[in-house]
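> Starting from these lines, generate the structure:
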Amino acid sequence: MNFFYWIFLFIINRFVHNEFVLPPNNINEYDSYGSLLAINEYLSIFAQNDKEQFTIIRNPFSNESIKCILPYRTIERSLTSLTHFIYNIIIGIKQTEHQLTFSYINENRRRDVFLSIVSLTSISNGCVSISNYISINITDFRMQEHSLVGMDPYGKRAYAIGIYYIICYDIETNYTSIINTEFVHKNENYFFPKSLIINENHFLFIVGQRFINIQFLSYLIVLNFTSIDNLTISSLTELSKYNFGSSSIDITRNSMISISLLDHIDLFIIGIPYLNMIMILSWKTFYINNEILILQNYIHPQKGILFGKSLVLLDNKTFAVLAYSLSTLPWSTSQIQIYSLDEFNSTPEIIYPNNQQILPILNYESLPYSILTIISYNSHLGILLNIGVVLLLSSSSPGYCSCQIEHDITTMEIYKSIECLPGTSRNTTSIGPCFICPLKRKNNGNSGIECELCLENETSLCFRGSLNEILLNDILSYDQVIPYPNSPDLVEFDDILLKNIFDLTTISSPQCLIKSSLFWTCLAIGFAFLLFLLINIFKYFPKFHRKEILFKRFFRHLDLIGEGESWLGGLMIFPILILLIFTIKFTISFTNLYPIENFSLKSSCESSMSNTKFTSGLQLLTIGQHEDEKPIFTMLDKQNLILRIDFIGTAFRCHHLIIEEDVRLNNFNCSYNENKTILSVSTLLSQHFITRQYDLIGPYFIGAIRICLSDLSRNENNQIYQLQKLDFCQLFSENNETLTMNGNMKIKLTKQVNRTIGYRDMDETIFSGIWIPTLTMERFSDKIVFEKNGEYQRYLSDRISFSIDISQSEFFMKNIQEPIARQTEIILHVILFSIIFLDLFGLICLGIKLTIRPLIKFIKQRFDFKKKTHL
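Alright, predicted model coming up:
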């Protein structure tokens, strides 16, 4: 075992000591050997090797920022130190405005390596010029692509960290200290640095791979450089037992390890991107043996995304991590995740880019881009992209968001702070977006710090993300298609006639009683009985005997029952006439009770009965139709419906909308109501099998959606075939949620054909038709996605896509309406009914003759007998 160990160690020594592989010509790569971006309060410096220039922004996070270009050639004072390629760059984050110094490691065209320190001074146009330049040739110290540049926060010292040597240059005294790192490489345990950070006490925190026991393990080394000539190891901590292999000798994306630290807090973070792992650590100088405490490890569940390739502490509460291969389309193949340091969990609070903080078209290159490096200063963030462009994301005040940036940027640009979008707010200082207003709160653009409380009542609604309250009357669901009626319980005219003439159970009030036929019939019978009594009383008064004879003769002539045989039958003419009048009256009204569309109840006393029988059923369209039905089906097939979609409670405008149906659709009507905050889009449906997508591009939200279908009525062939007016709207919403980012609405259109058979034999059969829409939506919101993956998902989509799938049902609804009794049948039944009345009253009269008259005669005889006996 020892034999193989020494052979492997010999190979490593040969490679490291004598056979450096010269770095490739990575002119167009901006993260080959570390960060090419450095920022502090007064300067933002970007080294562009492909253009051999520095792009500098003075006062980058203020309203007085100025962009400058400083070519490499203007810096060098000697031909031997002409900069050709810069490995990495650094600036002290706590420097003053009058101490603008930065440092970098570079090589010339002969591949000599230098530690360079540049001091800048302000000039009259607000830009900078070089006031001092120092270049230290470190080629002989075998630095090259393994070297890292460092600087303390106040810009007093510049460092070059290599495998074997550490070079420190004191900027104030011009003193250079060169220290061999053999004391670090005890027993040939070489350390290959990947990232470092230096605190204000000159402690160097260096992360990289340490070669130990034929393995390349990730380590953190803390070096005490308080004294410039005395370097000691303060701490040596193993970060992971994963063996990176010999490829970790070079600085690559897979071997990279990142670190970030803030002096005023005791925590720092480390990222090991190849393992998709970040670590939160604690270190204090008064810990026993300067021990490093690993507080938390987190491994991202998605593999191969290089989570932690770059990371920064923004402040004492939040930190940002770069997930290099985790897409945020359509903008980037990378994303920056912002986490809380106090309550760290696996769910980020903010993701960049997002739909409020987008990546625009940059450097004339098409989207998406990759994020290579992130750098921070005082909660501000610098972002370096793979196309050689830097974006500066400043921390905005409450009520504002760093969301506005120019397009076609070629070097470096700053996101400008603007007010929170309508429907959102934020009450903290942050680099992130504004957040959606909660339910029953609103922001119409004037309350970006805290959303205002809605004045919600029974007549209005306030959805999540609302701009204003919305009146319920403006978003009602309605449908003019009513259920087809059932046939009445009585479908025989005789039964109906008897029920309406003789039934007292339907009388609901005294007013209705007065209007009933039985009431007046009873009155007529009562009147006839009074006459009967009066005529019989006349017998006992001789002076009225003549009148008795006249009355009997008169009523005998009116006797329809006994054909003039009895005056008693004549008295029955009154109830008979009453019943005949009410029968005729009902018959006339019943005649007008067909079809059902042509009548309505005029009072509460009228019966709801109709002269209509109904039959309904579903039939397959493939079976075919009768010849007389085909025109109405053709009219339905050719009908061009108007589809209107109301996007409710939104700040989306017409220019945000794209409609696609196989190709982009431009022929549509669009309007936006500022007061109602409703975007209405109307299109003509040329056919009934359509898939159409509505893309609303932007960062806004939609509280509810209403789908409407409409068309005017029309007829053909002298109104025999009628298309009914369609006017349908259905509202979709969900409490405390907004419309999903990928919604789908399925609309199934079913034909309803109504066949109305003519009342008379000569009348035409009328056909009417209408479409019945059935709407189904799989899900309205992304509530489950947000609960599972995090609320930040709400802000990642660049658009809300809503698709409509319109299809036609395989069945159609056929309704048949026909009269219970036609005109000739009604006339016949009235005649028969009149005869029945006569027979009925004849039967009554016969009963009177056989029972009442003998009884009266018997009583009279008894009365006369008693009278004679008494006398």
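> Can you give me the buried ones in stretch 241-251?
Within stretch 241-251, the residues scored as buried using 16 or more other C-beta atoms under 10 Å are 244, 246, 248-251. (Glycine included, C-beta is placed from N, CA and C.)
> which residues are contacting it?
For stretch 241-251, the external contacting residues (C-beta atoms under 8 Å, 6 or more residues apart in numbering) are 12, 15-16, 21, 32-34, 145-146, 192, 194, 208-209, 215-218, 254-255, 272, 274-275.
> PyMOL command to pick out the buried ones of the residues you listed?
In PyMOL, selecting the buried portion of the contacts of stretch 241-251, with burial taken from 16+ other C-beta under 10 Å, looks like this:
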select buried, resi 12+16+32+33+34+145+146+192+194+208+209+216+217+218+255+272+274+275
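> Scan the protein for its longest strand.
As assigned by DSSP state E, the longest strand anywhere in the chain is strand 799-818.
> quick one, helices of the stretch 751-871 of the chain?
Using DSSP state H, counting those that start in this stretch, the helices of the stretch 751-871 of the chain run over residues 783-789, 823-847, 853-870.
> CSV for those helices, including mean pLDDT?
Listed next are the helices of the stretch 751-871 of the chain as CSV, based on pLDDT from 0 to 100:
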stretch, mean pLDDT
helix 783-789, 90
helix 823-847, 75
helix 853-870, 70
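> okay if I get those helices as CSV plus mean neighbour count and distance to Trp283?
Formatted as CSV, the helices of the stretch 751-871 of the chain follow (neighbours: other C-beta atoms under 10 Å; distance: least, C-beta to C-beta, whole Å):
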stretch, mean neighbour count, distance to Trp283
helix 783-789, 12, 33
helix 823-847, 15, 104
helix 853-870, 10, 127
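> can you put those in CSV and add distance to Gly399?
Shown next, in CSV, are the helices of the stretch 751-871 of the chain (distance: least, C-beta to C-beta, whole Å):
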stretch, distance to Gly399
helix 783-789, 24
helix 823-847, 78
helix 853-870, 104
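> if I read this right, Ser517 contacts Leu498, doesn't it?
No - look at Ser517 against Leu498 with C-beta atoms under 8 Å: they stay out of range, at 11.1 Å.
> Check the secondary structure at Ile130 for me.
strand (DSSP: H, G, I helix; E, B strand; the rest coil).
> quick one, what contacts it?
Contact analysis of Ile130 by C-beta under 8 Å, 6+ apart lists 70, 74-75, 118-121.
> For Thr765, which non-adjacent residue is spatially closest?
Nearest residue to Thr765, sequence neighbours excluded (C-beta to C-beta, 6 or more residues apart in numbering): Ile757, at 5.3 Å.
> residues near the one you found, how many?
For Ile757, the neighbour count with other C-beta atoms under 10 Å is 17.
> Backbone dihedrals for it, please?
Backbone torsions for Ile757, taken as degrees, to the nearest 10, come to phi -80, psi 140.
> So it sits against Asn815, correct?
No - using C-beta under 8 Å, Ile757 makes no contact with Asn815, being 11.5 Å away.
> Spit out the contact partners of the residue nearest to Thr765.
Neighbours of Ile757 in contact, by C-beta under 8 Å, 6+ apart: 765, 816-819.
> TSV please, covering those and showing distance to Ile804.
As requested, these are exported to TSV (distance: C-beta to C-beta, whole Å):
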residue	distance to Ile804
Thr765	36
Ile816	33
Gln817	34
Glu818	39
Pro819	42
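> related to what we said a few turns ago, which one in the contacts of Ile130 is the model shakiest on?
Lowest in pLDDT among the contacts of Ile130 is Ile75, which has 79.
> hang on, isn't that one packed against Val118?
Yes - counting by C-beta under 8 Å, Val118 is a contact partner of Ile75 at 6.0 Å.
> intersection of neighbour lists for those two?
With C-beta under 8 Å, 6+ apart as the test, Ile75 and Val118 both reach 130, 133.
> Can you find the helix or strand in the protein with the smallest mean pLDDT?
One helix or strand of the chain scores below all others by mean pLDDT, DSSP states H and E: helix 2-13, with a mean of 46.
> strands paired with the helix or strand following that helix, and their directions?
Note on helix 2-13: by DSSP states H and E, the next helix or strand toward the C-terminus is strand 37-39. According to DSSP bridges, strand 37-39 forms sheet pairs with strand 43-48 (antiparallel).
> contacts for the strand it pairs with?
36-39, 54-58, 60, 86, 89, 91, 100, 102, 104, 120, 128, 382, 384, 388, 390, 392, 411-412.
> likewise stretch 330-342?
With contact meaning C-beta under 8 Å, 6+ apart, stretch 330-342 is reached by 267, 280, 313-314, 316-328, 348-353, 358-359, 367-371, 374, 381, 383, 431-432, 798.
> got a list of what the nearest residue to Ile338 once chain neighbours are set aside touches?
Nearest residue to Ile338, sequence neighbours excluded (C-beta to C-beta, 6+ apart): Ile350, at 3.9 Å. Contacts for Ile350 (C-beta under 8 Å, 6+ apart) come out as 337-338, 430-433, 792, 795.
> Swap in 10 Å and give it another go.
318, 320, 336-340, 357, 430-433, 435, 790-792, 795 (C-beta atoms under 10 Å, 6 or more residues apart in numbering).
> Please pick the buried ones from those residues.
Using 16+ other C-beta under 10 Å as the burial test, these include 318, 320, 336-339, 357, 430-433, 435, 790, 792, 795 as buried.
> which one of these sits closest to Glu291?
The nearest member of the buried ones among the contacts of Ile350 to Glu291, counting by C-beta to C-beta, is Tyr339 at 24.9 Å.
> following the helix or strand hosting that closest one, which helix or strand shows up next?
Taking DSSP H and E as the criterion, Tyr339 maps to strand 335-340. Sequence-wise, the next helix or strand downstream of strand 335-340 (DSSP H and E) is strand 350-352.
> For that following strand, enumerate its sheet partners and note whether each is parallel or antiparallel.
Within its sheet, and counting by DSSP bridges, strand 350-352 is paired with strand 335-340 (antiparallel).
> distance between stretch 365-376 and the chain's centre?
Chain-centre distance of stretch 365-376: 28 Å, with C-alpha atoms, centre = their mean, to the nearest Å.
> got it, and stretch 217-237?
The answer for stretch 217-237 is 53 Å, by C-alpha atoms, centre = their mean.
> List the buried residues for it?
In terms of neighbour count (16+ other C-beta under 10 Å), stretch 217-237 has its buried residues at 217-225, 228, 231, 234-237.
> go on, stretch 342-351?
344, 348-351.
> Output the residues you listed as a markdown table; include the columns pLDDT and distance to Pro422.
Output for the buried residues of stretch 342-351, formatted as a markdown table (pLDDT from 0 to 100; distance: C-beta to C-beta, whole Å):
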| residue | pLDDT | distance to Pro422 |
| --- | --- | --- |
| Phe344 | 81 | 33 |
| Pro348 | 93 | 25 |
| Glu349 | 93 | 22 |
| Ile350 | 94 | 20 |
| Ile351 | 96 | 22 |
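> Pull the most distant pair out of these.
Phe344 and Ile351 (15.9 Å).
> quick revisit: pick the one among the buried ones among the contacts of Ile350 closest to Gln752.
Nearest to Gln752 out of these is Tyr795 (C-beta to C-beta; 44.7 Å).
> Can you tell me the closest non-neighbouring residue to that closest one?
Nearest non-adjacent residue to Tyr795, counting by C-beta to C-beta, 6+ apart: Asn354, 4.3 Å away.
> where does that neighbour land in three-state SS?
Local secondary structure at Asn354 is given as coil here, using three-state DSSP.
> my read: it touches Leu421, true?
No - assessed by C-beta atoms under 10 Å, Asn354 is found out of contact with Leu421, at 11.8 Å.
> Now for those two: what residues contact both?
The contact sets of Asn354 and Leu421 overlap at 403, 433, 699 (C-beta under 10 Å, 6+ apart).
> Show me what the helix or strand harbouring the first one packs onto, helices and strands only.
In this case it means Cys403. Per DSSP H and E: Cys403 is located in strand 400-404. When contacts are defined as 3 or more C-beta pairs under 10 Å, 6 or more residues apart in numbering; DSSP states H and E, strand 400-404 packs onto strand 390-393, strand 416-419.
> same for the helix or strand just after the last one, what does it pack against?
Spelled out, it's strand 416-419. Downstream of strand 416-419, the first helix or strand assigned by DSSP H and E is strand 424-425. Using 3+ C-beta pairs under 10 Å, 6+ apart, the elements in contact with strand 424-425 are strand 435-436.
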